[in-house]
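Visitor: With the input below, show me the fold.
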Amino acid sequence: MADQVPFNIIADILTKLGSSAFQQIGSVFGVAKELSNLTKKLDTIKSVLLDAEEKQKESQAVKVWVRRLKDVVYDADDLLDDFATHQMLRGAGVARQVSDFFSSSNPLVFRFKTSHRLKDIKGQVNEIVKEIPKLNLIQGNITHREVERSWRETHSFVLTSEMVEKDEDKEEIIKLLVSSGNEKILSEVSIIGIGGLGKTTLAQLVYNDKKMVEFFQLKIWICVSDDFDVKLLIKKNLESLSGGSVAGNLESLEVLKVFLHDKLSQKRYLLVLDDVWNDDFQKWDQLRTLLMVGAKGSKILVTTRSRKVASTMGIDHFHFSLKGLTENQSWNLFSKIAFEEGKDGMYPSLVEIGKEIVNMCNGVPLIIKTLGAILRYKTDESSWLSIRNNENLLLLEGGHNDRVLSVLKLSYDDLSFHLKQCFAYCAIFPKDHEIEKKLLVQLWMAQGYIQTSDVGNQYFEELLARSLLEEVRKDVYDNVACCKMHDLIHDLALSIVGSEVLVLRINTKEILERVYHVSFSNSLNLKRKDLKIKHIRTMLKVDRYSESYSFVSTLIPNFQSLRMLSLQGFNVKKASKYLGKLSHLRYLDLSNNSFKILPNAITRLCNLKTLKLINWVHLKEFPKSTRKLSNLRHLEIHGCGSLTHMACGIGELSLLESLPLFVVGTGSEVGRLGELKRLNNLRGELWIEKLENVKDAKVESREANLGAKQYIESLGLEWSYDPEAESGEDAELVIAGLRPHRNLKELFMIGYGGKGFPSWMINGGLTTMLPNLTTINLASCSRCQTLPCIAGLLHLKSLKLHHMEKLEYMECSSAGPFFPSLQTLYLCSMPKLKELWRRDYFPAQPVPPSFPRLSLLHIY
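Guide: As a prediction, the model looks like this:
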């Protein structure tokens, strides 16, 4: 298998080298000329990468060239990181931290060592560039998928006697084609699924069904593949309709259009476009316009691997997501191929092994057929066991997997270069592992594949749309929060990364020298001596179980190139001083630990972008030096219930996107509410606790600037409830200044001591100021007698009111309908509640319609 080409890393290095910061670094360290030369060489290399990626499949010499390139590129990335980190710390005036990161605080010593490293890297890059003409690598965007396409050509005929019937799927597609969209001249239906799942076969079964013959006057089958040329597709249409080749003089699109319209005009037709990859709307729109001449009810049936393709063609409502075969269907298909007819009963042991093999195929017909063909008429158990014991079905020996691999790899080949490394990196997760979207984006960022979360989210959606990732779970806002990789797609990713990625298990026999990314669950695996590889860039713990082993402190110093380190559940008190020396770290997960104060050493990691301290239940405070984590984007502190205050200066971390908890403290050297002022990139959840500690209520609450935080979707405002408090005036001033942005979807208020609500909530304010609210939860607001009018919120789905002892009713300034989308209503411990709204607000009118969608009501 070809090696993965480091497109993203080289692009990231060139971006760094071209920045003004590195121009300054070059001058400071006297290496401006060398860095300029390195930039030119890497630019030359970058221009031939696409060709190298293709040619290494056939050339061992190019494959070796790619491996050497990868090694030196990672070394160069480390060196540039050292330059930037040294300069950053020097600029901050922290010489002691510099000495901790590097062998000496003496700038001359640092310059001497880095100059030698740069010279060595430059020499290796020069040798790699010299080999480009010898290997005949060509510059520019190489079109590499036009060769050898004959095996992808499909046709409309299917031998039903040899097919595994999927009657339910077939009937569903036929129903969509015959019974929907008949009021339109032309509409589309798509079959979506991963490669090898049987999309073409299903389309063939539908195409040849007698209902299609009865309903459509004309039927056309076109295998599109990756060449979505409108003129060529029109020619194929005419060839299919005429049963022969189109005359050579029909070259003009205008002439082709005339002939096509003559064939299709006022006829109801079915056009199957098999294996479509095009997501260019203009090309599709041009073809569709030429096809708009048939009778009403004409249909296009598309098979594709990508939801994005379907969406581009306007197929949002009529799409069919194809699933794999059932267990019985899979076995019937496999046994029909692997055994002579009626003879499977003669080999009970092979049947038992065969069923285990079939389970490994996850219902994918292509792999089932391939493995059945390999084992056809073989009666020795060893042949069957060799396949059953193979963890990656795409890496079978003897070339048996070539057909399957070629089919699946088309999805990878069709990715843009920046998506290829993001996809392949997913191989670091074990099979069937649920992958959190946010985590995956953070890991891509740690490796330098992306620079912002927004880009990462786009890449994630792209991989999801292409069926390379599968949706597992959505969040409350209906966004995909968790995904998986189909086992075969995981095998594809593993075959691409080769030895670069290691999922470490107890039975792992050998760790190769070229490992860069490691995941593990059982910490005992980390005791292996052959794991001490200096250039490892990822150490990911994929479970959340606590570990008591202390040997981690002896292991960490070996990994000086780490970008990502997950030690959740480990006792790392002894290791904290070593963590502070991992200068390249972008991602650090220390969740489920017992620290009371975050170790100062961690605040030296000035490149850190993600810091996870989830469930640090004893954590009371952050060190004053937290403000030095200037590149931090995610500070995840869910479950830190003992936190007394935020660090003074945390508001200087202006890149922060995740800060789920903000605790207002008391005293002079703590972070005040105003620290939130500049944190306008915050997104997702923000819960502000201990609001009773706000000193200057009016000023501080306005300084928090919540109205500018457009990405916050869930806001919690909590006062430590004190029933003995004499006045709620300060609370009223605080909440008046904490008006959130109109994009807010969830609002929680706990322990609010005011008698009334602020202007942005009353007199219909919520309906106009926060029109997108889906959830409201008010608890222990003990002095409130009247609830703001929330009945008119169009998107409100959940309303929970708890322990509001004086609440009597809700104000109403709307004529209804009331609560048009509400599904869940909780009313708890409100002894004075008379009615949700006062009837005398509408004395001359009937009660407006209310609660049309309520499905759950709790009153207690």
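Visitor: For stretch 34-41, list every residue counted as buried.
Guide: By 16 or more other C-beta atoms under 10 Å, the buried positions in stretch 34-41 come out as 34-35, 38-39, 41. (C-beta placed from N, C-alpha, C; glycine too.)
Visitor: for stretch 691-705, that is, sorry about that
Guide: Quick answer for stretch 691-705 (16+ other C-beta under 10 Å): 691-694, 697, 700-705.
Visitor: Reformat the buried residues of stretch 34-41 into a markdown table and put distance to Cys781, secondary structure and pLDDT next to each item.
Guide: Listed next are the buried residues of stretch 34-41 as a markdown table, based on distance: C-beta to C-beta, whole Å; DSSP: H, G, I helix; E, B strand; the rest coil; pLDDT from 0 to 100:
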| residue | distance to Cys781 | secondary structure | pLDDT |
| --- | --- | --- | --- |
| Glu34 | 65 | helix | 92 |
| Leu35 | 61 | helix | 93 |
| Leu38 | 63 | helix | 94 |
| Thr39 | 61 | helix | 95 |
| Lys41 | 66 | helix | 95 |
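Visitor: Out of these, which comes closest to Ile450?
Guide: Thr39 (21.5 Å; C-beta to C-beta).
Visitor: The closest one and Thr15 touch, don't they?
Guide: No. Assessed by C-beta atoms under 8 Å, Thr39 is found out of contact with Thr15, at 10.5 Å.
Visitor: what's the average pLDDT for the longest helix seen in the chain?
Guide: Taking DSSP state H as the criterion, the chain has its longest helix at helix 60-91. Mean pLDDT, helix 60-91: 90.
Visitor: all strands of the stretch 301-450 of the chain, in order?
Guide: Assigned by DSSP state E, counting those that start in this stretch, the strands in the stretch 301-450 of the chain fall at 319-321, 435-436.
Visitor: which two in the buried residues of stretch 691-705 are spaced the farthest apart?
Guide: Checking the buried residues of stretch 691-705 with C-beta to C-beta, the most distant pair is Glu692 and Asn705, at 20.6 Å.
Visitor: With distance to Ile25 added, can I get the strands of the stretch 301-450 of the chain in a markdown table?
Guide: Shown next, in a markdown table, are the strands of the stretch 301-450 of the chain (distance: least, C-beta to C-beta, whole Å):
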| stretch | distance to Ile25 |
| --- | --- |
| strand 319-321 | 51 |
| strand 435-436 | 36 |
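Visitor: Export the ones you listed to TSV and append columns for mean pLDDT, distance to Leu468 and mean neighbour count.
Guide: Below are the strands of the stretch 301-450 of the chain laid out as TSV (pLDDT from 0 to 100; distance: least, C-beta to C-beta, whole Å; neighbours: other C-beta atoms under 10 Å):
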stretch	mean pLDDT	distance to Leu468	mean neighbour count
strand 319-321	88	14	18
strand 435-436	96	12	17
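Visitor: Of these, which is nearest Asn479?
Guide: strand 435-436 (12.1 Å).
Visitor: Name the surrounding residues that touch the closest one.
Guide: Strand 435-436 is contacted by residues 426, 429, 469, 481-485 when judged by C-beta atoms under 8 Å, 6 or more residues apart in numbering.
Visitor: partners of that strand, with directions?
Guide: Sheet partners assigned to strand 435-436 using DSSP bridges are listed as strand 480-484 (antiparallel).
Visitor: Skip ahead from the partner strand and say which helix or strand is next.
Guide: On the C-terminal side of strand 480-484, the closest following helix or strand by DSSP states H and E is helix 487-497.
Visitor: Could you list every helix and strand in contact with that next one?
Guide: On a contact count with 3 or more C-beta pairs under 8 Å, 6 or more residues apart in numbering; DSSP states H and E, helix 487-497 meets helix 402-413, helix 417-425.
Visitor: among those helices, which is the most enclosed?
Guide: Highest mean neighbour count among these (mean count of other C-beta atoms under 10 Å): helix 417-425, with a mean of 21.
Visitor: what's around Asn681, how many residues?
Guide: 18 (other C-beta atoms under 10 Å).
Visitor: same check, this time on Thr774
Guide: Quick note: Thr774 (other C-beta under 10 Å) scores 22 neighbours.
Visitor: Same check on the one 3 residues further on?
Guide: Around Asn777 sit 16 other residues, with neighbours defined as other C-beta under 10 Å.
Visitor: Would you enumerate the residues in contact with it?
Guide: 746-749, 798-800, 802.
Visitor: which of the buried residues of stretch 34-41 lies closest to Thr312?
Guide: Thr312 lies nearest to Thr39 out of the buried residues of stretch 34-41, by C-beta to C-beta, at 37.5 Å.
Visitor: Can you tell me the closest non-neighbouring residue to the closest one?
Guide: Excluding the flanking residues, the one nearest Thr39 by C-beta to C-beta, 6 or more residues apart in numbering is Leu17, at 4.5 Å.
Visitor: So for stretch 459-478, what gets flagged as buried?
Guide: Buried, per 16+ other C-beta under 10 Å, within stretch 459-478: 459-470.
Visitor: May I ask which two of the residues you listed are separated the most?
Guide: Tyr459 and Glu470 (15.8 Å).
Visitor: Tell me if I'm right that Lys420 and Ile9 touch.
Guide: No. Counting by C-beta under 8 Å, Lys420 does not reach Ile9; the two are 11.8 Å apart.
Visitor: Format the CA atom coordinates belonging to stretch 236-243 as PDB.
Guide: What follows is stretch 236-243, C-alpha atoms only, in PDB (Å, rounded to 0.1, in the frame of the first residue of the first chain):
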ATOM      1  CA  LYS A 236     -24.600   8.500 -23.700                       C
ATOM      2  CA  ASN A 237     -28.300   9.300 -23.300                       C
ATOM      3  CA  LEU A 238     -28.700   9.100 -27.100                       C
ATOM      4  CA  GLU A 239     -26.700   5.900 -27.300                       C
ATOM      5  CA  SER A 240     -28.800   4.200 -24.700                       C
ATOM      6  CA  LEU A 241     -32.000   5.400 -26.400                       C
ATOM      7  CA  SER A 242     -30.900   4.400 -29.900                       C
ATOM      8  CA  GLY A 243     -29.200   1.200 -28.900                       C
END
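Visitor: okay, and the helix or strand of this protein with the least pLDDT?
Guide: helix 95-101 (a mean of 45; mean pLDDT, DSSP states H and E).
Visitor: helix or strand right after that helix?
Guide: Immediately after helix 95-101, counting by DSSP H and E, sits helix 107-134.
Visitor: Residue ranges in the stretch 151-300 of the chain under the pLDDT threshold?
Guide: The stretch 151-300 of the chain contains residues with pLDDT under 70 at 151-152, 158-165, 244-250.
Visitor: measure stretch 52-63 end to end?
Guide: 8 Å (C-alpha to C-alpha, to the nearest Å).
Visitor: Could you give me the buried positions within it?
Guide: 52-56, 59, 62-63.
Visitor: okay, those residues in TSV with distance to Gln447 next?
Guide: Below are those laid out as TSV (distance: C-beta to C-beta, whole Å):
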residue	distance to Gln447
Ala52	21
Glu53	19
Glu54	24
Lys55	26
Gln56	22
Ser59	27
Val62	24
Lys63	22
